[in-house]
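[1] Sequence and predicted model, in that order:
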Amino acid sequence: MTQAKVAVILARVSSKEQEEGYSIDAQVHRLQEYCRRKNLTVLETFKVIESSTICHRRQFMEMIKYAKKHKQPVAIVADKVDRVQRSFQEYPILDPMIKEGKIELHFNTEGYIIHKDSISQERLMWSIGVVMAQSYVDSMRDNINRSIAQKLRSGEWISTAPVGYLHVKRENGKSDIVVDTDRAPLLRQMFEQYATGNYSLSQLMKYCKKIGLRNCRGNQKGLTANHIHKMLQDPFYYGVMRVKKTGAEYPHRYEPIISKSLFDMCQEVREGRSKKMPLYRGKDFVFRGILTCAITGRLATAETHSKTYQNGGTGSWTYLAIYNPEKPEKKMWVREEDVIAQAEDALATLRITDTESLIALLNYIRSTNAEKKIFHRGQTASLKKEHTEIEEKLDKLLDLLMDKVLDKTEFEAKKKKLKDRQYEIDELIHSFDEADDKFSKCLIDLINIATGALDDFKGSDVTRKRELLNFVFQNLQLRGKKLEYTMRYPFSEFAKCSKLEEWWGERDLNPRPRRYERFGRIF
């Protein structure tokens, strides 16, 4: 039961988010009407213009501090869940205040309230709302990287130029990268000397100092051995740029300093002049990269052991290598299938079998998806309209050229500017469509887990199994033969709902009629 009689209104937009219907004034108007209906006295209205995904939300924290000053419970009234938070980073702030009865969260559009007496299903709705908001934000964050990806595909470097190149400003004001005529010949000498096989890294460092090869900042101490080691492995010098984060490689448009054959010779020297073949082509293990040893914190490794029987038959088993809790200095081996069985037991707790709870959850997911569709259509429609308007401008521009109102130079400059914007629009529309697909996948995963995560897990290939484990569990670690884990929100709430249903099932043995509240209704 809610207790708050006073409220603060939270109306938020980010700097990129001024779409019609979500402006500050429109939100404030709807929330004032909400407070009147709920007989809440509005103490303060916070008009927040900041992203909900930044690490430190200054304006948001001002609202929290304001609410803390009041002795009586304060209702924080917002239009939607994503106006309050789009990730769980605010959860450690909000949850203790809710449990202490200091604040309540009122969501106008979703139509529910989170307070200290909220049952697990209500808290589940809150968690689901945050998960879906975060999913969409994560997808839209790809837009930021899209222009970077296009620059890379076009052969344009996005970071600091390596030693041997310089950043310059062109006449049009755009930055570019050119060969450093002072350092490039010295750098080529460095590669040539190393390719002879007569230089160690320490000797090469002394050689670079002798010929005067230093970094772009003019460090008088010269290049370090570590820096030289990285330079020798950088394909940028022969015409290929490598993205550090992903390892992806793209041909670049800048003048190379060395040939690829010289680069390859240096790699042979660095690797000991051996054709380094992988000793083992690893099997795609279920827990690869996601399971750690509880004793050391290191990733668990896996090996497959085979056995041939006397009758000619064969068998194979996969074992996970971790350290023994009783003798931490010694390794122990745990059958992978035993760990999978424990993970399946955990996933089995996520099924929501109660019909009322499941229907309410699915309806909530459906309504959230409908709102996102409206937003998606609105954004892409405005972009498509602008694309068409640019096409009309290009036609008029051609007429001006034919009528000799514009000369060819002016025509090409204006045409390029318009075509560049058209390309940006195409990329934005594509990114919105991709975000829409990723959001839909998140919803499907949520529904599958709510209706039977274990069935989905058992019926999937290894890649899908790993996706599910990453989606549901915040961490997975093995302590001896026991699997330890923490579930991500809202799946911890799923598990609580499951336990609550078991508790009610036991209580059914009592013939007295039961009454409890669920999603605002009494049963």
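    Yes, it's here. Note that this is a predicted model, so its numbers are computed, not measured.
[2] Excluding residues flanking it in the chain, which one is nearest residue 127?
    Computed as Cβ to Cβ, 6 or more residues apart in numbering, the closest residue to residue 127 that is not its neighbour in sequence is residue 490, at 2.9 Å. No exception for glycine: its C-beta is placed from N, CA and C like everyone else's.
[3] State the number of residues packed around the one you found.
    For residue 490, the count of nearby residues is 25 (other Cβ atoms under 10 Å).
[4] what residues are up against it?
    Neighbouring residues of residue 490 by Cβ atoms under 8 Å, 6 or more residues apart in numbering: 124, 126, 127, 128, 130, 131.
[5] Helices - which of the residues you listed land there?
    124, 126, 127, 128, 130, 131 (DSSP state H).
[6] mind giving me the domain ranges of the protein?
    Split into domains by automatic domain parsing, the chain comes to 6-118, 123-153+336-523, 165-270.
[7] Just put those domains in a markdown table and tack on distance to residue 318.
    A markdown table is the format used below for the domains of the chain (distance: least, Cβ to Cβ, whole Å):
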| stretch | distance to residue 318 |
| --- | --- |
| domain 6-118 | 34 |
| domain 123-153+336-523 | 4 |
| domain 165-270 | 27 |
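[8] tell me the most buried of those?
    With neighbours taken as mean count of other Cβ atoms under 10 Å, the domains of the chain reach their highest mean count in domain 6-118, at a mean of 17.
[9] how much distance is there from it to the middle of the chain?
    25 Å (Cα atoms, centre = their mean, to the nearest Å).
[10] ok, back up a step: confidence-wise, which of the domains of the chain is weakest overall?
    With a mean of 73, domain 123-153+336-523 has the lowest mean pLDDT of those.
[11] next one: phi and psi at residue 305?
    phi -110, psi 130 (degrees, to the nearest 10).
[12] isn't it right up against residue 315?
    No - Residue 305 is not in contact with residue 315 according to Cβ atoms under 8 Å; the separation is 9.3 Å.
[13] Name the SS class of residue 334, please.
    strand (DSSP: H, G, I helix; E, B strand; the rest coil).
[14] any idea how far it is from residue 303?
    11 Å (Cβ to Cβ, to the nearest Å).
[15] Wait, residue 42 touches residue 10, no?
    No - judged on Cβ under 8 Å, residue 42 makes no contact with residue 10 at a distance of 11.3 Å.
[16] How about the secondary structure of the residue nearest to residue 306 when sequence neighbours are not counted?
    If the residues on either side of it in the chain are set aside, residue 306 comes closest to residue 316, at 4.4 Å by Cβ to Cβ, 6+ apart. Secondary structure for residue 316, judged by three-state DSSP, is strand.
[17] check contacts around residue 316.
    304, 305, 306, 307.
[18] Pull up the per-residue confidence for the last one.
    This points to residue 307. With respect to pLDDT, residue 307 has a value of 74.
[19] So for residue 334 and residue 303, which residue has more residues nearby?
    Neighbour count, other Cβ under 10 Å: between residue 334 and residue 303, residue 334 has more, with 19 against 15.
[20] That one and residue 7, how far apart?
    54 Å.
[21] got the contact list for the residue lying closest to residue 458 once chain neighbours are set aside?
    Nearest non-adjacent residue to residue 458, counting by Cβ to Cβ, 6+ apart: residue 344, 7.0 Å away. Counting by Cβ under 8 Å, 6+ apart, residue 344 touches 454, 457, 458.
[22] Residue 429: which of those residues is nearest?
    Within those, the smallest distance to residue 429 is 35.4 Å, found for residue 457 (Cβ to Cβ).
[23] Give the buried residues for stretch 319-332.
    Under the neighbour-count criterion of 16 or more other Cβ atoms under 10 Å, stretch 319-332 has 319, 320, 321, 322, 323, 332 buried.
[24] among the residues you listed, which are in strands?
    Judged by DSSP state E, the buried residues of stretch 319-332 include 319, 320, 321, 322, 323, 332 as members of strands.
[25] Now do the same for the first one: its pLDDT.
    In this model, residue 319 is scored at 91, pLDDT.
[26] Was I right to think it contacts residue 303?
    Yes - applying Cβ under 8 Å as the test, residue 319 and residue 303 come out as touching, 5.6 Å apart.
[27] any common contacting residues for these two?
    Common neighbours of residue 319 and residue 303, counting by Cβ under 8 Å, 6+ apart, are residue 333.
[28] follow-up on the earlier one: relative to residue 288, which of the domains of the chain is closest?
    domain 123-153+336-523 (7.0 Å).
[29] Tell me which residues touch residue 44, please.
    8, 9, 66.
[30] Name every strand pairing with the host helix or strand of residue 167 and say which way it goes.
    Taking DSSP states H and E as the criterion, residue 167 maps to strand 165-169. Here strand 165-169 is paired, per DSSP bridges, with strand 175-179 (antiparallel).
[31] what's next to the strand it pairs with, contact-wise?
    157, 161, 164, 165, 166, 167, 168, 169, 170, 254, 255, 257.
[32] Please render those residues as TSV that adds distance to residue 236 to the earlier fields.
    Converted to TSV, the contacts of strand 175-179 look like this (distance: Cβ to Cβ, whole Å):
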residue	distance to residue 236
157	8
161	8
164	9
165	8
166	13
167	14
168	17
169	21
170	20
254	8
255	11
257	9
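[33] Mind pulling up the pLDDT for the residue lying closest to residue 73 once chain neighbours are set aside?
    Leaving out its chain neighbours, the residue that sits closest to residue 73 by Cβ to Cβ, 6+ apart is residue 4, at 4.2 Å. pLDDT recorded at residue 4 is 80.
[34] where does residue 4 fall, phi/psi-wise?
    According to degrees, to the nearest 10, residue 4 has phi -70, psi 140.
[35] Next: residue 255.
    Per degrees, to the nearest 10, the backbone of residue 255 is at phi -70, psi 130.
[36] Against residue 184, how distant is it?
    In terms of Cβ to Cβ, residue 255 sits 9 Å off from residue 184.
[37] Over to residue 225?
    Distance, residue 225 to residue 184, by Cβ to Cβ: 21 Å.
[38] same deal with residue 160?
    Distance from residue 160 to residue 184, by Cβ to Cβ: 16 Å.
[39] now do residue 101
    69 Å.
[40] cool, and residue 479?
    Residue 479 sits 55 Å away from residue 184, going by Cβ to Cβ.
[41] same question, residue 133
    For residue 133, the distance to residue 184 - Cβ to Cβ - is 50 Å.
[42] Hmm, residue 27 and residue 46 touching each other?
    No - using Cβ under 8 Å, residue 46 makes no contact with residue 27, being 10.8 Å away.
[43] can you list residues touching both of the two?
    Common contacts of residue 46 and residue 27 (Cβ under 8 Å, 6+ apart): residue 11.
[44] Having no further points to raise, I will conclude here.
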